[in-house]
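Engineer: need a 3D model of the sequence below.
(one chain, ligands or ions: 2)
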Amino acid sequence: MNHTVCSGSSTLCKLVSWWNNDDSDKKSTMLLHQADWLLWLLHGQLGVSDYNNALKVGYDPEADSYPDWLLSQPYAQLLPMVKAPGTSIGHLKGDIRTQFGFSEDCIVCTGTTDSIAAFLAARATKPGKAVTSLGSTLAIKLLSTTRIEDARYGVYSHRLDDKWLVGGASNTGGAVLKENFSDEQLEKLSEHINPMEASPLDYYPLKSVGERFPVANPKMEPRLHPRPESDVEYLHGILESIARIEAKAYMLLKDLGATQVDEVFTAGGGAKNDKWTKIRERVLGLPVSRATQTEAAYGAALLALKGCQ
Ligand SMILES: Nc1ncnc2c1ncn2[C@@H]1O[C@H](COP(=O)(O)OP(=O)(O)O)[C@@H](O)[C@H]1O
Ligand SMILES: O=C(CO)[C@H](O)[C@H](O)COP(=O)(O)O
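Structural biologist: Ligands and ions are numbered 1, 2, ... in the order given. This next block holds a predicted model:
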């Protein structure tokens, strides 16, 4: 099987593992993604999700239903009802409304995943536009007219209305930087990097063993040696190596048949590093810029606005 749920980190794998290993009474349980749980606290209706969060439990966003093979499983009764992202669920619970001073007509809408929210925040609407989220991990979302799924490389497609957000999430990213440098050091050291010069250091920066995308290999070892004496050179090597992984990821999406990327916007904590942006521009061979809004929360708010209209 070459299905997105085959990844060891998928919601379905976690659900099956819990179903098989947990002895608690399962009659009164319900599967909630983190976002579903948070929204439940606000609207009080159990078991409502959206088709972006539900993708990795096996929901088919194209057919807009759970596939039969999933519905025939013993744990199928735990699966949440699925709506389109940005759909009104109901009114805000009275106690929350009073506590935080919201108006009586305040409604709660279904959400989406963090990196899709970051894509929405960038307001990129044309196929070929992409958003790389450089947070603790590196997540890529490319707007494509074709849907691509390939679990061998950790590639999957989220539905965005009538198009697809093709991509995946690599375990490389800011968490590795954070292990080695403080935010202040990142800023200071980056000032001394010449982004036009390619670093000869060839790393695979991971916080621990295992990679998901652009290759799915739970046994991949981090590679962060040799460490040069100069911290500037070391940081340059890490930033350049992460950029190479990003370039490999976009190349892979092209090879698998996604709409060709023509511009990359950046969200997340790494978006503020202009030197890194320039390194990435050189390595990717594409225009790369900071998204106007780099916070995923802004995209989530846009979705809620859509749900209110
Ligand atoms: N100047 C910088 N250059 C590169 N990365 C940075 C810089 N400042 C912060 N970061 C990285 O940004 C990450 C935090 O970004 P954020 O989007 O808040 O992550 P997340 O929400 O995924 O945890 C940290 O891991 C940190 O290493
Ligand atoms: O690494 C992540 C969180 O730790 C990514 O943000 C996440 O895996 C991406 O998921 P999706 O593509 O479903 O939005």
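Engineer: show me how far stretch 257-267 is from its chain's centre.
Structural biologist: 15 Å (CA atoms, centre = their mean, to the nearest Å).
Engineer: that stretch close to ligand 2?
Structural biologist: No. Interface with ligand 2: stretch 257-267 contributes nothing (CB under 6 Å from any ligand atom), its closest point being 10.6 Å away. Quick note: C-beta positions are derived from backbone N, CA and C, even for glycine.
Engineer: now stretch 68-86
Structural biologist: No. Between stretch 68-86 and ligand 2, judged by CB under 6 Å from any ligand atom, nothing touches; the nearest distance is 11.3 Å.
Engineer: now that stretch, how far from the chain's geometric center?
Structural biologist: On the basis of CA atoms, centre = their mean, stretch 68-86 is displaced by 21 Å from the centre of the chain it belongs to.
Engineer: equivalent analysis for stretch 248-265, please.
Structural biologist: 16 Å.
Engineer: just stretch 46-55 next, same as before
Structural biologist: Counting by CA atoms, centre = their mean, stretch 46-55 comes out at 15 Å from the chain centroid.
Engineer: how many residues are close by whichever residue of the stretch 101-250 of the chain sits closest to ligand 2?
Structural biologist: Minimum separation of the stretch 101-250 of the chain from ligand 2 (CB to the nearest ligand atom) falls at Thr113, amounting to 3.1 Å. Using other CB atoms under 10 Å, Thr113 is surrounded by 24 other residues.
Engineer: how close does the closest residue to it other than its chain neighbours get to ligand 2?
Structural biologist: Leaving aside its sequence neighbours, Thr113 sits nearest to Asn52 (CB to CB, 6 or more residues apart in numbering; 5.1 Å). Relative to ligand 2, Asn52 is positioned 7 Å away (criterion: CB to the nearest ligand atom, to the nearest Å).
Engineer: and the pLDDT for the closest residue in space to Ala216 that isn't next to it in sequence?
Structural biologist: Nearest non-adjacent residue to Ala216, counting by CB to CB, 6+ apart: Gly154, 4.3 Å away. pLDDT, Gly154: 96.
Engineer: next: Gly8.
Structural biologist: The model reports Gly8 with a pLDDT of 85.
Engineer: what sits against it?
Structural biologist: For Gly8, the contacting residues are Pro218, by CB atoms under 8 Å, 6 or more residues apart in numbering.
Engineer: any idea how far it is from ligand 1?
Structural biologist: 20 Å.
Engineer: got the phi and psi for that residue?
Structural biologist: phi -60, psi -20 (degrees, to the nearest 10).
Engineer: begin at 318 from here
Structural biologist: I'll keep to 318 as the first residue from here, and by that count the last item is Gly325.
Engineer: for the chain, just list every one of the strands.
Structural biologist: For the chain, the strands defined by DSSP state E cover 365-367, 398-400, 405-408, 424-426, 446-451, 455-461, 473-477, 480-487, 580-584, 605-607.
Engineer: got the contact list for the fourth one?
Structural biologist: Counting by CB under 8 Å, 6+ apart, the neighbours of strand 424-426 from elsewhere in the structure are 356, 359-360, 403-409, 620-621, 623-625.
Engineer: give me the buried entries from those.
Structural biologist: Neighbour-count burial (16 or more other CB atoms under 10 Å) applied to these gives 356, 359-360, 403-406, 408-409, 620-621, 624.
Engineer: from these, which land in helices?
Structural biologist: Among the buried ones among the contacts of strand 424-426, the residues falling in helices (DSSP state H) are 356, 359-360, 620-621, 624.
Engineer: ok, Val483 - how many residues close by?
Structural biologist: If you count neighbours by other CB under 10 Å, Val483 ends up with 27.
Engineer: next up, the contacts around it.
Structural biologist: 458-459, 461, 463-465, 472-474, 570, 575-576.
Engineer: pull the most distant pair out of those.
Structural biologist: Tyr473 and Thr576 (15.5 Å; CB to CB).
Engineer: tell me which of the two has more neighbours.
Structural biologist: Set Tyr473 next to Thr576 and count neighbours by other CB under 10 Å: Tyr473 wins out with 24 against 21.
Engineer: list the contacts for that one?
Structural biologist: 321, 372-373, 465-466, 483-485.
Engineer: most surrounded residue in those residues?
Structural biologist: Result: Gly484 is most packed of those (other CB under 10 Å), 32 neighbours.
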